[in-house]
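Trainee: pasting a predicted model and its sequence here:
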Amino acid sequence: MKKISCLAFMLLASVVFSEEPIKFKLITDSTGAPAPVVPVQAPAAPAQEPIKFNPVSQPAAPQKPDTVQKLGVASNRPLDLVALSAKDTASFETYSRRVKLVNDSIEATHRLVGALEAKTARDMPKLEPKGEFETTAEYEARVAKWNKELAEKRERDTKSYWLRLQELEKAKKKIEENQVSLLSSVTIKSHPAAASVWINREEIGATPIDDPYDLIPGSHKVIIRKEGYNPWDTTLLAVPGAKFKINANLEETDLHNCIYDFAKISKKDTTVEGYEYRIDLLEACKVQVAEDMKQILEDFANSYPALEPQRPDETPDVFNKRRDMWTREGMRQVNELQRKHKNYLDKLDCTAKVLKDYIIATQSTIISEPLLAPKIELGPYDADKQQFEFIAQDTASEKSPFYFKGRIGVPRDTAKLINKAAPGFLTNLQYINFPFKIDSANVNLAMSKLTLSRNGQDLKLDGSFFEIERYKPLPGYDAWKLHADSLLSGKLKAQGLALGCKLLPPPPPPPEDTTKIWPTVAKIATFSAAAIFGGLAVYKHLDAQEKNDDYNDRYNDPGYQEQSRKNRDGSLAGADKLNYDLETNKLKSLDKSIKDDESSRNIFAGVAGGLLAAGIVLTIAF
C-alpha cells in the first residue's frame with residue numbers, strides 16, 4: 001500500500017512540476033462518467049480516459065519578440081483577444097501567427113463542444129421504444145419532448161463555449177483586417193500581350209493581369225516571359241497601401257549575338273577612351289553581322305521545305321493555290337529575317353550614337369584648377385573705367401599652360417594700395433575635359449574661364465585666352481582646335497541620349513489572300529529593290545576604286561618613299577618629319593575609308609543578289 005501511495009505521489013509530482021504545457025481534460029465523477037463542464041482557469045486533474053484537445057494551450061511563442069508572448073499562451077491562460085486584435089505592428093508575419101493562434105483555439109473549442117454534446121446525449125435517459133398500447137401520436141409527442149429536453153440541456157452545457165467562439169471569430173476577422181491593411185497590389189500589362197508573369201518564382205498568370213494582385217510587404221521579383229522575346233524583369237518594394245502598375249515593352253530576341261548586352265555596353269560608366277573602344281566594337285560587329293546575314297539566308301534557303309510536285313489527283317488550280325501558299329510563307333519568313341537584321345543594325349547605330357553623346361558630355365565637363373604661382377602682369381590703370389590692363393600666364397607648364405590677356409576691374413581706392421609686382425591675387429583656372437594628346441601625355445589647352453579674387457572679393461575680368469605657340473605646328477592640333485572650339489562655344493553639346501532606339505515592329509499576321517495580284521507586285525518590288533541595292537553596291541565600288549587610286553598615287557610618290565626610307569633610318573626630323581606624319585595619317589584614313597566602302601559594297605551586293613534570286617523564284621513560280 002505504501003509503495004502504491006509513493007508511486008501515486010511521484011506521478012502527481014511529475015505532473016505538477018513538468019515543464020510541458022498541461023492539457024485541458026474533462027473531470028469525472030465517482031462513477032467514472034464526465035462531470036458537468038464549466039469554464040475554468042486552473043488545469044484539471046487527469047482523467048482515466050482524457051479527451052485530448054486544448055482550446056487555450058498553444059505552441060511555444062516565436063523567438064522574435066512579439067506581443068503574442070504577452071497574450072497568456074505560455075501561462076496556459078485563455079487568449080487575450082483584445083491584445084491579439086490590436087493594430088500594433090507592421091509585420092505581416094506577426095498577424096499570420098496571431099490568426100493561426102485564434103484558428104487553433106477555434107478548432108479546439110469546436111472539438112470541445114462536440115464532445116460535450118455527445119456526453120449530454122449519453123447522460124440523457126434512454127428513449128424507450130413505442131409501447132404496445134401507446135398510440136402513434138402519444139409516441140411522437142414523447143419523442144418531441146425528449147428531443148427538446150436534449151437540445152435545452154446541450155444549450156445549457158455549451159452556451160459559454162458558443163459565446164467564446166463568437167469572440168474568437170470576431171477577433172480573427174479583426175486580425176485579418178489588420179493584415180489586409182498591410183497589403184499592396186500590382187496590375188501588369190505587356191506589349192505584346194499573352195506573356196507569362198512570375199512573381200517570386202511563382203507563375204501567377206498571363207498578361208494582361210487587370211485584377212490587382214496582392215503583395216505582402218517586402219521585396220518581390222517580377223519576371224515577364226514570352227517566346228521570341230527577351231525576359232523582362234523588375235523588383236518591387238511593397239509597402240502598405242501601394243498600388244503598382246507595370247506596362248512592359250518586351251524586346252524581341254536578337255537575330256545576331258555579337259553584342260548580346262546592349263544595356264551593359266551603353267552604360268555611362270567609363271572614360272572617353274572606354275567609350276571609343278566600345279564604338280570600335282560596334283563597328284566591327286556591323287561587319288560581322290553582314291557576313292552572318294548572308295549565311296542565315298543561305299541556310300534558310302537550304303532548309304526551307306521543297307514544294308511537292310503536282311500530284312496525279314491534283315488539279316492545276318489546287319496545285320497553284322498550294323504553290324502560292326508555299327511561296328508566300330517563304331517570303332514572309334525571309335522578310336521577317338531581314339526585318340530582324342535591320343533592327344539589329346539600327347540598335348548598333350543607336351548605341352554608337354549614345355556612346356558618342358557620352359563622349360561629348362565627358363569632354364564638355366568643366367575642370368577647375370587653382371593656380372599656385374602664375375605670372376601676373378598689371379599694366380596701366382584706367383581711372384575712368386577703374387580697370388588695370390592685365391596679363392596672366394603660365395606657358396611653361398606641361399600640364400595646363402595658358403596665356404590670358406585683358407582687363408581687370410579694381411576700385412580706385414583699392415588700386416592705389418596694390419603692389420603691381422605682388423598684387424596678391426588668388427587665381428583659379430577652368431578648362432574642359434578635352435586635352436591635346438602628345439605621345440603619351442595629355443595637355444590641357446581648352447581653357448574656359450579664369451577667375452581672380454583678392455581679400456575674399458571676386459574681381460571682374462574681361463579678356464580672352466590665346467593659343468600656346470609651341471603646340472600649333474604639331475600634328476593633329478588643327479583638328480583638335482576645331483573640336484575644342486565647338487565644345488567651348490556650345491555648337492557641339494550633349495543631347496542627353498539614352499538607349500531606347502525605335503525599331504521596326506513585328507509584322508501583323510498576314511491577311512487571308514483573296515486576290516492573285518500579289519505575285520506581280522512582289523516581282524516588281526523584288527526586282528526594284530535588287531536594282532536599288534545593286535546600284536548602291538556599284539556606287540560604293542567606284543568610290544572605293546577612286547580612293548584606292550588616290551592611295552596608290554600618294555603611297556608611291558617618290559618624295560613620300562624617300563621620307564619613308566629616312567624615317568626608317570631615323571634621319572628624318574624637323575618639318576620633313578611633320579609632313580611625313582601628316583601624309584601617313586592621310587594614308588591611314590584613306591585605307592580605312594576604302595575598307596568601309598568595300599564592306600558596304602559587299603553588304604549591298606549580297607542583299608541585291610538575294611533579292612534577285614527571290615525575284616527569279618517568283619518569276620519561275622508564276
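Mentor: Structure's in. What do you need? Numbers count the residues shown, from 1 in each chain.
Trainee: do a quick rundown of the strands in the stretch 301-450 of the chain.
Mentor: If DSSP state E, counting those that start in this stretch is used as the criterion, the strands of the stretch 301-450 of the chain fall at 366-371, 375-382, 387-393, 403-409, 426-432, 436-438, 441-443, 447-454.
Trainee: average pLDDT for the second one?
Mentor: pLDDT averaged over strand 375-382 equals 90, rounded to a whole number.
Trainee: can you show me the helices along the protein?
Mentor: Remark: helices assigned in the chain by DSSP state H are 2-17, 81-84, 92-123, 136-180, 262-265, 272-303, 316-363, 412-417, 477-489, 518-555, 558-569, 574-621.
Trainee: which of the strands of the stretch 301-450 of the chain sits most buried?
Mentor: The highest mean neighbour count among those, using mean count of other CB atoms under 10 Å, belongs to strand 387-393: a mean of 20. For glycine as for every other residue, the C-beta is placed from the backbone atoms N, C-alpha and C.
Trainee: give me phi/psi at the closest residue to N442 other than its chain neighbours?
Mentor: Sequence neighbours aside, P435 is the residue nearest to N442 in space, at 3.7 Å (criterion: CB to CB, 6 or more residues apart in numbering). Torsion angles at P435 (phi, psi; degrees, to the nearest 10) stand at phi -70, psi 160.
Trainee: wait, P435 touches N444, no?
Mentor: Yes - P435 lies in contact with N444 (CB atoms under 8 Å); the separation is 5.1 Å.
Trainee: now do the contacts for the spatially closest residue to K356 that is not a sequence neighbour.
Mentor: Spatial nearest neighbour of K356, excluding adjacent residues (CB to CB, 6+ apart): I279 at 6.9 Å. Listed by CB atoms under 8 Å, 6 or more residues apart in numbering, the contact set of I279 reads 352, 355-356.
Trainee: quick check: I418 vs K385, distance?
Mentor: Counting by CB to CB, to the nearest Å, the gap from I418 to K385 is 16 Å.
Trainee: in the chain, which residue is most central in space?
Mentor: T234 (5.0 Å; CA atoms, centre = their mean).
Trainee: pLDDT at that one, what is it?
Mentor: Taking T234 on its own, its pLDDT is 94.
Trainee: could you find the closest non-adjacent residue to it?
Mentor: T234's closest residue in space is V222 (CB to CB, 6+ apart), at 5.3 Å.
Trainee: go ahead and confirm that neighbour touches S196.
Mentor: No - with contact defined as CB under 8 Å, V222 does not reach S196; the gap is 11.5 Å.
Trainee: so those two - more neighbours on which side?
Mentor: Neighbour totals were compared for V222 and S196, and V222 leads with 21 against 16 (other CB atoms under 10 Å).
Trainee: enumerate every residue touching that one.
Mentor: The neighbours of V222, taking CB under 8 Å, 6+ apart as the test, are 186, 188, 197-199, 233-236, 246.
Trainee: recalculate using a threshold of 7 Å.
Mentor: Contacts for V222 (CB atoms under 7 Å, 6 or more residues apart in numbering) come out as 199, 233-234, 236, 246.
Trainee: what do you get for K540?
Mentor: Counted by CB under 7 Å, 6+ apart, K540 has contacts 597, 600-601, 604.
Trainee: how much space separates it from A605?
Mentor: As judged by CB to CB, K540 and A605 stand 9 Å apart.
Trainee: which of I418 and K385 has more neighbours?
Mentor: For I418 versus K385, the count of surrounding residues by other CB under 10 Å is larger for I418: 16 against 10.
Trainee: how close does the more buried one sit to I391?
Mentor: In terms of CB to CB, I418 sits 15 Å off from I391.
Trainee: do D478 as well
Mentor: D478 is 26 Å from I391, where distance means CB to CB.
Trainee: got it, and S364?
Mentor: Distance, S364 to I391, by CB to CB: 28 Å.
Trainee: repeat for L417
Mentor: Distance of L417 to I391, given as CB to CB: 21 Å.
Trainee: now A573
Mentor: 34 Å.
Trainee: quick check: mean pLDDT of stretch 591-600?
Mentor: 87.
Trainee: may I see the buried residues of that stretch?
Mentor: Buried residues in stretch 591-600, counted by 16 or more other CB atoms under 10 Å: 593-594, 596-600.
Trainee: cool, and stretch 155-173?
Mentor: For stretch 155-173, by 16+ other CB under 10 Å, it's 157-158, 161, 164-165, 167-168, 171-172.
Trainee: swap in stretch 288-303?
Mentor: For stretch 288-303, burial by neighbour count (16+ other CB under 10 Å) applies to 289-290, 292-294, 296-297.
Trainee: dump the C-alpha coordinates for that stretch into PDB.
Mentor: What follows is stretch 288-303, C-alpha atoms only, in PDB (Å, rounded to 0.1, in the frame of the first residue of the first chain):
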ATOM      1  CA  GLN A 288      30.400  40.600 -88.800                       C
ATOM      2  CA  VAL A 289      26.600  40.600 -88.900                       C
ATOM      3  CA  ALA A 290      26.600  41.400 -92.600                       C
ATOM      4  CA  GLU A 291      28.500  38.200 -93.200                       C
ATOM      5  CA  ASP A 292      26.300  36.300 -90.800                       C
ATOM      6  CA  MET A 293      23.200  37.500 -92.600                       C
ATOM      7  CA  LYS A 294      24.400  36.000 -95.900                       C
ATOM      8  CA  GLN A 295      24.900  32.700 -94.200                       C
ATOM      9  CA  ILE A 296      21.500  32.900 -92.500                       C
ATOM     10  CA  LEU A 297      19.700  33.500 -95.800                       C
ATOM     11  CA  GLU A 298      21.600  30.700 -97.400                       C
ATOM     12  CA  ASP A 299      20.800  28.300 -94.500                       C
ATOM     13  CA  PHE A 300      17.200  29.300 -94.700                       C
ATOM     14  CA  ALA A 301      17.000  28.600 -98.500                       C
ATOM     15  CA  ASN A 302      18.600  25.200 -98.000                       C
ATOM     16  CA  SER A 303      16.400  24.300 -95.100                       C
END
